[in-house]
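Enquirer: any chance you could fold what I've pasted below:
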Amino acid sequence: YGDHRDLHRLIRRQRQMCIRDRNRTFKQLVDECNKRNIKIPEKNTKQTLIKLLGNKSLQEMSYVPWGLRARLRIDNPMLCFPYKRLNKFERYNLWESKDWALEEKFDGVRVIITYNPHEGFMFFSRNVSVNTFLPTDYTNNILLYNDNTGKFTTPDFWAYRLGEHSFVLDSEMMITDNINTEEFTYRGGKTGTGLNACTSILTLDSKSAHEIQRTQAHVYFNVFDCLEYDDCLIWTKSFKERIGYLNGVCKNLKYLQFKQSKVVYINKREFYNTVIKNGGEGVIFKRLDSPYYPTSTRRRDGFVKLKRSVKEAYGKDIDVFVSGYVEATKGKAWDGLIGGLKLSIILGGGYHWIATVTTMPLEIRKRISEIKDGKPVLKKQYYNKVITIDGQDLSPKSLRFMHAVADWDVGFREDKNWYDCTMELDFLKSQVL
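Expert: Numbers count the residues shown, from 1 in each chain. The predicted model follows:
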C-alpha cells in the first residue's frame with residue numbers, strides 16, 4: 001500500500017503540474033512574453049499570449065515537423081458535453097433518434113496521432129508544454145508493437161512504409177496490462193491498465209518508458225476519429241463522412257496497435273448495458289451530421305458523454321457514514337472550514353474508508369465546521385451521519401471511490417443508521433476498472 005500511495009502522489013503532482021501549466025495567471029504569461037522579448041498587443045487574452053509564446057518557440061526551431069504543424073491546426077481536441085446536463089427530451093433523443101450513434105468511452109490518455117510518409121508517426125497531447133507553449137510531444141516515449149513480426153519499432157520507423165497518404169487521428173491511448181515502475185523511479189509502484197499506467201509511461205524518461213513497454217506491457221490506441229487526410233481538413237465534414245476516411249486509414253494499420261472504435265447505430269441501450277457489465281467506463285453519443293469542433297467549447301449537438309455509475313450497478317442507494325474529515329486547501333474560498341468528509345462502510349466485520357467528498361454546498365460546509373485550537377474541525381454530532389453517494393469506479397488497491405459525489409439535495413439521512421451501511425467485498429472488486 002505504501003508503494004501504491006507513493007505512485008499516486010507522483011501522478012497527482014504530475015497532473016497538478018499540467019493544471020498549473022494550463023492555468024498560468026495572466027501576469028505570469030505577460031512576464032514570460034517580456035522575458036522572451038515578445039511584443040504584446042494592447043488587447044489580448046491568455047490564449048493570445050500562449051499563442052505568441054508558442055509562435056516564438058516555432059521561430060527558434062531549425063525544422064518544424066509536419067506532425068507538429070498538423071497538430072497546431074487543431075486548437076483543441078473536441079470535448080464532450082455531459083449527459084447529466086441534458087434535459088429529459090434531449091436524453092430521450094440520444095437513445096431513440098437515428099441521428100445519433102454510440103461508441104464506448106475508454107479510460108486512458110487523449111492523444112492526437114499524426115502520420116506523414118516522410119516522417120512516420122508523431123503523438124501529441126491535448127495540453128501545451130510549460131517550456132515551449134506548444135502541444136506536448138509524446139513521440140519519444142512510445143513504441144509501436146507489430147503483430148506480424150512480434151517486434152517493437154519507434155514511430156519514425158514507419159516513414160515510407162505505409163503508403164503515400166498523410167493523416168491525423170484522434171484517439172485514446174491505453175496499455176495492455178498492469179505495470180510496475182519501482183525500478184525506474186524512487187516513487188514508483190504498481191498501477192493498473194488505465195489512465196494512471198498511461199500517465200506513468202508518458203512522464204518517465206524515454207529509455208525507462210521503452211523498457212517497460214518491451215518487458216511488461218505495450219501501449220495501443222483506440223482510434224475514434226479522422227481529422228485530416230492528405231492535408232484536407234476533413235473535420236469540417238460530418239461524422240458519418242469521417243467514419244469512411246477512418247475505415248480506410250485503419251485498414252492499413254491493422255497489424256499495428258491501432259484499434260478502431262466500434263460505432264453502434266441500433267440497440268444502443270443494450271450496447272451501453274454490455275459496456276457497463278464488462279466494467280467499461282461509459283459511452284459517447286455522436287451526432288452523425290455533426291462536424292468535429294476543434295475547440296474547448298462543449299457542444300450538446302456534437303459529442304455527449306455518459307459515464308458509468310456504481311449506484312446503477314448496485315441497483316440501490318449507496319449509503320455511507322461520516323468517519324472523519326480532511327483539511328481545506330489553503331487559499332480556497334472555504335479557508336477556515338473543513339475541506340471535505342471521509343466516508344466509510346462496514347465491510348467484513350470492520351470499517352472501510354470508501355470515499356472522500358470535497359464538493360458540498362457552502363452553507364453545509366459552514367454548518368458542520370467549527371474552530372478548535374485555532375483549526376477548523378468537524379463537529380462531533382456529524383460523525384456517523386449517513387449520506388448517499390455515487391461515483392464512476394473504484395481504485396484497484398484501496399477500493400475507494402474515485403470522483404465520489406454526495407447527494408446533497410437529500411443531505412444527511414436521519415432515517416438511516418450507520419451500522420446499516422454495509423457492502424460486499426465481491427461487489428466492490430467488480431467495480432474496479
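Enquirer: ok, residue 77 to residue 235 distance?
Expert: According to C-beta to C-beta, to the nearest Å, residue 77 and residue 235 sit 10 Å apart. Yep, even glycine has a C-beta here, placed from its N, CA and C like the rest.
Enquirer: overlap in contacts, those two.
Expert: Taking C-beta atoms under 8 Å, 6 or more residues apart in numbering as the contact rule, residue 77 and residue 235 both touch residue 294.
Enquirer: show me which of those two is the more surrounded one.
Expert: Just comparing residue 77 and residue 235: by other C-beta atoms under 10 Å the higher neighbour count belongs to residue 77, 23 against 20.
Enquirer: number of residues surrounding the closest residue to that one other than its chain neighbours?
Expert: Leaving aside its chain neighbours, residue 77 sits nearest to residue 126 (4.7 Å; criterion: C-beta to C-beta, 6 or more residues apart in numbering). Using other C-beta under 10 Å, residue 126 is surrounded by 20 other residues.
Enquirer: tell me the SS of residue 126?
Expert: Look at residue 126: counting by DSSP: H, G, I helix; E, B strand; the rest coil, its state is strand.
Enquirer: what sits against it?
Expert: Going by C-beta under 8 Å, 6+ apart, residue 126 touches 76, 77, 110, 112, 135.
Enquirer: these two touch, right, residue 218 and residue 146?
Expert: No. Assessed by C-beta atoms under 8 Å, residue 218 is found out of contact with residue 146, at 10.3 Å.
Enquirer: name the element residue 171 belongs to?
Expert: Taking DSSP states H and E as the definition, one finds residue 171 inside strand 167-175.
Enquirer: check which helices and strands the helix or strand just after that strand sits against.
Expert: Next helix or strand after strand 167-175 toward the C-terminus (DSSP H and E): strand 179-180. Secondary-structure packing of strand 179-180 (3 or more C-beta pairs under 8 Å, 6 or more residues apart in numbering; DSSP states H and E): strand 190-191, helix 195-203.
Enquirer: single out the most deeply packed of the ones you listed.
Expert: helix 195-203 (a mean of 23; mean count of other C-beta atoms under 10 Å).
Enquirer: now do that one: which elements does it pack against?
Expert: Using 3+ C-beta pairs under 8 Å, 6+ apart, helix 195-203 sits against helix 2-22, strand 109-116, strand 167-175, strand 179-180, helix 206-215.
Enquirer: now with 10 Å?
Expert: helix 2-22, strand 109-116, strand 167-175, strand 179-180, strand 190-191, helix 206-215, strand 219-229 (3 or more C-beta pairs under 10 Å, 6 or more residues apart in numbering; DSSP states H and E).
Enquirer: and the pLDDT for residue 183?
Expert: What the model reports for residue 183 is a pLDDT of 86.
Enquirer: helix, strand, or coil at it?
Expert: Residue 183 ends up coil, using three-state DSSP.
Enquirer: residue 190 versus that one, what's the distance?
Expert: As judged by C-beta to C-beta, residue 183 and residue 190 stand 12 Å apart.
Enquirer: ditto for residue 309
Expert: Residue 309 is 27 Å from residue 190, by C-beta to C-beta.
Enquirer: and residue 262, by the same measure?
Expert: 30 Å.
Enquirer: low-confidence stretches in the stretch 301-433 of the chain?
Expert: Judged by pLDDT under 70, the stretch 301-433 of the chain has its weakly predicted residues at 331-333, 433.
Enquirer: which residues of it fall in helices?
Expert: 310-314, 362-368, 425-430 (DSSP state H, counting those that start in this stretch).
Enquirer: among the ones you listed, which is nearest residue 156?
Expert: helix 425-430 (42.0 Å; C-beta to C-beta).
Enquirer: residues contacting that closest one, please?
Expert: Applying C-beta atoms under 10 Å, 6 or more residues apart in numbering, the contact partners of helix 425-430 are 277, 279, 310, 313-315, 345, 347-348, 352, 354, 394, 396, 399-401, 424.
Enquirer: what subset of the residues you listed is buried?
Expert: For the contacts of helix 425-430, a burial check counting by 16 or more other C-beta atoms under 10 Å picks out 310, 345, 347, 352, 354, 394, 396, 399, 400, 401.
Enquirer: for those, work out which two are farthest apart.
Expert: It's 345 and 396 that sit farthest apart of the buried ones among the contacts of helix 425-430, by C-beta to C-beta, at 17.6 Å.
Enquirer: who's sitting farthest from the centroid in this protein?
Expert: Residue farthest from the centre of the chain, counting by C-alpha atoms, centre = their mean, is residue 373 at 40.0 Å.
Enquirer: list the residues that contact that one.
Expert: Residue 373 touches nothing, counting by C-beta under 10 Å, 6+ apart.
Enquirer: what is the residue nearest to residue 317 when sequence neighbours are not counted paired to in the beta sheet?
Expert: Residue nearest to residue 317 in three dimensions, not counting chain neighbours: residue 388, with 4.7 Å by C-beta to C-beta, 6+ apart. Beta bridges link residue 388 to residue 319, judged by DSSP bridges.
Enquirer: what about residue 388, how many neighbours?
Expert: 20.
Enquirer: pLDDT score for the closest residue to residue 184 other than its chain neighbours?
Expert: By the measure of C-beta to C-beta, 6+ apart, the closest residue to residue 184 outside its immediate chain neighbours is residue 208, 4.0 Å from it. On pLDDT, residue 208 comes in at 94.
Enquirer: from what I see, residue 208 and residue 182 are in contact.
Expert: No. With contact defined as C-beta atoms under 10 Å, residue 208 does not count as touching residue 182 (11.2 Å).
Enquirer: can you list residues touching both of these two?
Expert: residue 188.
Enquirer: between those two, who's got more neighbours?
Expert: residue 208 (18 against 13).
Enquirer: ok, the more buried one - contacts?
Expert: 141, 181, 183, 184, 185, 188, 200, 201.
Enquirer: top of those by neighbour count?
Expert: The most crowded member of those, judged by other C-beta under 10 Å, is residue 201 (27 neighbours).
Enquirer: tell me which of the buried ones among the contacts of helix 425-430 fall in strands.
Expert: Under the assignment DSSP state E, the buried ones among the contacts of helix 425-430 contribute 345, 347, 352, 354, 394, 401 to strands.
Enquirer: switch these over to CSV; also include distance to residue 412.
Expert: Listed next are those as CSV, based on distance: C-beta to C-beta, whole Å:
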residue, distance to residue 412
345, 16
347, 21
352, 20
354, 17
394, 23
401, 18
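Enquirer: among those, which one sits closest to residue 299?
Expert: For these, the nearest to residue 299 is residue 401 (29.5 Å; C-beta to C-beta).
Enquirer: which residues touch that closest one?
Expert: Residue 401 touches 310, 318, 320, 343, 354-357, 389-395, 428, 431, counting by C-beta under 10 Å, 6+ apart.
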